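Colleague: dropping the sequence and predicted coords here.
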Amino acid sequence: MTFQQPLRRTAAVFVALATLLAACLGFTGCNAGVDYTKYTYQFYGTFDTLVQIVGYARSQSEFDYYSKIGEQRFQALNRIFDIYSTYTGLDNAKTVNDNAGIAPVKVPAELLALVKQSIDWYGKTGGKCNIAMGPVIAVWKKYRDLALADATKAQVPPTAELQEAATHCDLSKVIVDDAAGTIYLEEKGMVLDLGAVAKGYACELVAQDLQKAGLVSCIVDGGGNIRIVGRPADGIRQRWGVGIQDPNADTSSDSSAVSLDIVFLHDESFVTSGDYERYYMVGTTRYCHLIDPVTLMPARYFRAVAVSYPDSGIADFMSTTLFLLPYDEGRALVESIPGMDAIWIFDGNTMKMTDNIKQYMKTAGGGSSSMP
Amino acid sequence: MSATSTARRKAPQEQSLWKTLRPGDVVVVVAVVALAVVLWSGSHLSAAKVTGAELVRDGTVLRTFTVQELDTDANYAFESLGYHYTIRTGGGRIRFAAADCPDKVCVQTGWIDRPPQVAACVPGHLLLRMTGNSDGVDVNNR
């Protein structure tokens, strides 16, 4: 079969351009975009928050397989760190609390490791984030629940009640026996509260599990504890985009002010502590859930502090610590820890940040998802 | 010297190839390039665009809100797991405006107006989420 000259020429041009197109797509990595689609799975039932897993997979069924692994691991960790419920055949954080002043409790390795890590970092960071603050946090929670149920009953806890609770918050009386695998609260009335550390720690463990299982491009978001695995597998972007929420979204009438900036990250965690979701009002004064262990009152230095660090468990611990520290002290602390960055959001939405992270922020430093 | 000779021999061939192009060839070239641009931009240059919002309970979409509905000031009543909610729209946004759930985190989350923003109520297993293209944001801090 033969072609006439013009037709052959046309066919040649078409084939050449098609080849060029295919080559361009391959060169820029667009093949990955064809193969991988971004999926999101959202679920409740763990850590009193919404958990989201966002990831690139080759099919919905493949993503479902991974997200089920993640959900089941979250459920298991939630049972271990739970201070409100007991479970048959499991000695968890509530078991430790129930045995305060009575006996050491042999606990799962994850709980032992989290408590050890929290004690270790408490010592290294000036003693602001105290997992033995359970009695004081319980007082604040009781008054917050009352106020949220009936605003006319909103009141600040009496100082005497807070001070009495604070007499049972000595972290040095949390005894971890590594060899025996036990935790013992030496004094009756002591209560571990892992709310400031457990979600971030769980996100870290789940992210590691998913990575080992084969999901190498994903975000694990446990109620704002964001742990990023790898780079986006769309073949285009090098970094994931994390939006920084406007703490004033509740009252803002300016719809364009909802996202303050975007931070572009990969293989990193980004954890925020803020006063804008869990709080109650007494008159015109806001009382959030982040309590200073010295004043026994909510800290008021910032609206929010976000910490960027590879390990989500440490980032979670540090976001609470920094929320409770004045800016200068907090900044000096962050700058003493290699690989850690932070963003402080003040009332009025002004932001300060460590030097390194600025380059990865869209508005503050011109960062983009294509940065290496 | 040999490289220069090769270049001299090839140049006339390339010139003659382009000279043979006819109007039909140009049409094909334009069509292929246009197709490439459309395919590439369609799959990778997804500019921010809100298509609406969804109210979800445990993965099931209970109600879809159109862009027109988000633009209209209105209140919607919902019940979930024994809790009662008022969902408010207006100005292209949506929020939990009132709830009798215990922690009120859903209400205190405030307005959401662009994907992938969410407002969540843990006690009632309810989730409000914006739908559409997210303009480079994969997840928001909370």
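Modeller: Thanks, I have the structure now. Predicted model only: the values in this text are computed from it and were never measured. Numbering: from 1, shown residues only, chains lettered A, B, ... in the order given.

Colleague: residues in contact with the residue positioned nearest the centre of chain A?
Modeller: The structure's chain A has its C-alpha centroid closest to residue A:225; by C-alpha atoms, centre = their mean the separation is 1.1 Å. By C-beta atoms under 8 Å, 6 or more residues apart in numbering or on different chains, the residues touching residue A:225 are A:199-200, A:203, A:269, A:271, A:312, A:315-316. For the C-beta atoms, the positions are set from N, CA and C on the backbone; glycine is no exception.

Colleague: list, out of those residues, those positioned next to chain B.
Modeller: Filtering the contacts of residue A:225 for proximity to chain B by C-beta under 8 Å from any C-beta of the partner chain leaves residue A:271.

Colleague: in a markdown table, list the contacts of residue A:225 along with secondary structure and neighbour count.
Modeller: Output for the contacts of residue A:225, formatted as a markdown table (DSSP: H, G, I helix; E, B strand; the rest coil; neighbours: other C-beta atoms under 10 Å in any protein chain shown):
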| residue | secondary structure | neighbour count |
| --- | --- | --- |
| A:199 | helix | 27 |
| A:200 | helix | 30 |
| A:203 | helix | 31 |
| A:269 | strand | 27 |
| A:271 | strand | 28 |
| A:312 | helix | 29 |
| A:315 | helix | 28 |
| A:316 | helix | 32 |
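
Colleague: the residue nearest to residue A:293 when sequence neighbours are not counted and residue A:291, how far apart?
Modeller: Leaving aside its sequence neighbours, residue A:293 sits nearest to residue A:130 (C-beta to C-beta, 6 or more residues apart in numbering or on different chains; 5.1 Å). Distance of residue A:130 to residue A:291, computed by C-beta to C-beta, to the nearest Å: 9 Å.

Colleague: could you grab the helix/strand/coil label for residue A:115?
Modeller: Assigned with DSSP: H, G, I helix; E, B strand; the rest coil, residue A:115 falls in the helix class.

Colleague: burial measure for it, as a count.
Modeller: Using other C-beta atoms under 10 Å in any protein chain shown, residue A:115 has 24 neighbouring residues.

Colleague: is it true that it touches residue A:183?
Modeller: Yes. The pair residue A:115 / residue A:183 is scored as a contact, 5.7 Å apart, by C-beta atoms under 8 Å.

Colleague: alpha carbons of the helix or strand hosting residue A:165, as CSV, please.
Modeller: Residue A:165 belongs to helix A:159-166 when elements are defined using DSSP states H and E. In CSV, the C-alpha atoms belonging to helix A:159-166 read as follows (Å, rounded to 0.1, in the frame of the first residue of the first chain):
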residue,chain,number,x,y,z
THR,A,159,-8.9,29.8,92.0
ALA,A,160,-9.1,27.5,95.0
GLU,A,161,-10.5,24.7,92.9
LEU,A,162,-7.7,25.1,90.3
GLN,A,163,-5.1,25.3,93.0
GLU,A,164,-6.3,22.2,94.7
ALA,A,165,-6.3,20.3,91.4
ALA,A,166,-2.7,21.5,90.7
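
Colleague: can you list the domains in chain B?
Modeller: With domains defined by automatic domain parsing, chain B comprises B:2-44, B:49-133.

Colleague: now do the helices in chain B.
Modeller: Using DSSP state H, the helices of chain B run over B:2-19, B:23-44, B:67-71, B:105-109.

Colleague: lowest average pLDDT across these?
Modeller: Note on the helices of chain B: helix B:2-19 shows the lowest mean pLDDT, a mean of 48.

Colleague: quick one, what contacts the residue nearest to residue A:114 when sequence neighbours are not counted?
Modeller: Distance criterion C-beta to C-beta, 6+ apart; nearest residue to residue A:114, sequence neighbours excluded, is residue A:201 at 5.0 Å. Listed by C-beta under 8 Å, 6+ apart, the contact set of residue A:201 reads A:77, A:81, A:110, A:114, A:117, A:312-313, A:316.

Colleague: local confidence estimate at residue A:201?
Modeller: 98.

Colleague: what of residue A:260?
Modeller: In this model, residue A:260 carries a pLDDT of 89.

Colleague: look up how far residue A:343 lies from it.
Modeller: Using C-beta to C-beta, we find residue A:260 at a distance of 9 Å from residue A:343.

Colleague: shared neighbours of those two, anything?
Modeller: Counting by C-beta under 8 Å, 6+ apart, the shared contacts of residue A:260 and residue A:343 are A:244, A:351.

Colleague: higher neighbour count, those two?
Modeller: Per other C-beta under 10 Å, whichever of residue A:260 and residue A:343 has more neighbours is residue A:343, with 26 against 21.

Colleague: show me what the more buried one is bridged to.
Modeller: Here residue A:343 sits in beta bridges with residue A:306, residue A:353, as judged by DSSP bridges.

Colleague: wait, it touches residue A:358, no?
Modeller: No. Counting by C-beta under 8 Å, residue A:343 sits too far from residue A:358 to count as a contact (9.1 Å).
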